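Student: Let me see the structure of the following:
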Amino acid sequence: MKILALADQESKGLWDYFDKSKLKGIDLIISCGDLAPQYLSFLATFTHAPVLYVHGNHDGCYAQTPPDGCVCIEDTIYTHEGIRIMGLGGSMRYKNGAHQYTQAEMNWRAARLWPKIAIHRGFDILVAHSPAFGFHDGTDLPHVGFTAFNKLMERYNPDYFIHGHVHATYGSMFRREDLYGKTRVINAYERHTIEYEK
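Tutor: Numbering: from 1, shown residues only. Sure, this is the predicted structure:
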């Protein structure tokens, strides 16, 4: 399965200079947040692949303008061709605003998913906006990662954890790909293609 992961920055190659052939062979598109809903709607019109998304901390506009033809996977598990994909968007709470959480609030969101995880017998991909605590994250409050994601990876060993929030322009904070235990961690900033062999 070929997955196109997106986050934080609309790709000019996919929007301003779009060619339908650029989506050829893509089986699934996953947005990790902070992207214009019009961008996701645009991509959804040119592909038969499902477009899944979680919210970033700047996605308050989605309440009035949700991306057309796309599927929100917040706080649920979505299955595509046997691949179980769990979504937990948002960032660390650093001011008043939508899609921001304390560590305790994100732990509670993750705990509430336990029945769904049990029914699905785990999950294969964890999709989030923020990174895990101490892993791909920053030291400033807005970019600190969530401990809930560390716990989920340690307990369930998903194949992938895909996130955004930390931009390539942040310098040494940015890492595209790493391993956390048995889980491949991908920062989807702008766009990144994943060849997923289940």
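
Student: for the residue nearest the centre of the chain, what are its contacts?
Tutor: By C-alpha atoms, centre = their mean, the chain has its centre lying nearest to C32, at 2.9 Å. Going by C-beta atoms under 8 Å, 6 or more residues apart in numbering, C32 touches 5-8, 53-54, 56, 89, 127-129, 162-165, 188. To be clear about C-beta, it is placed using only N, CA and C from the backbone, and glycine gets the same treatment.

Student: out of those, which are inside strands?
Tutor: A5, L6, A7, Y53, V127, A128, I162, H163 (DSSP state E).

Student: ok, of these, which one's closest to R184?
Tutor: The nearest member of these to R184, counting by C-beta to C-beta, is I162 at 9.0 Å.

Student: Report the distance from stretch 29-49 to the chain centre.
Tutor: Between the centre of stretch 29-49 and the centre of its host chain there is 12 Å, according to C-alpha atoms, centre = their mean, to the nearest Å.

Student: Could you list the low-pLDDT ranges of this structure?
Tutor: Across the chain, the ranges flagged by pLDDT under 70 are 171.

Student: which residue ranges form the helices in it?
Tutor: For the chain, applying DSSP state H gives helices covering 37-44, 103-112, 114-120, 147-156.

Student: Kindly reformat those as a markdown table containing mean neighbour count and distance to L179.
Tutor: Converted to a markdown table, the helices of the chain look like this (neighbours: other C-beta atoms under 10 Å; distance: least, C-beta to C-beta, whole Å):
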| stretch | mean neighbour count | distance to L179 |
| --- | --- | --- |
| helix 37-44 | 19 | 29 |
| helix 103-112 | 15 | 21 |
| helix 114-120 | 12 | 22 |
| helix 147-156 | 18 | 10 |
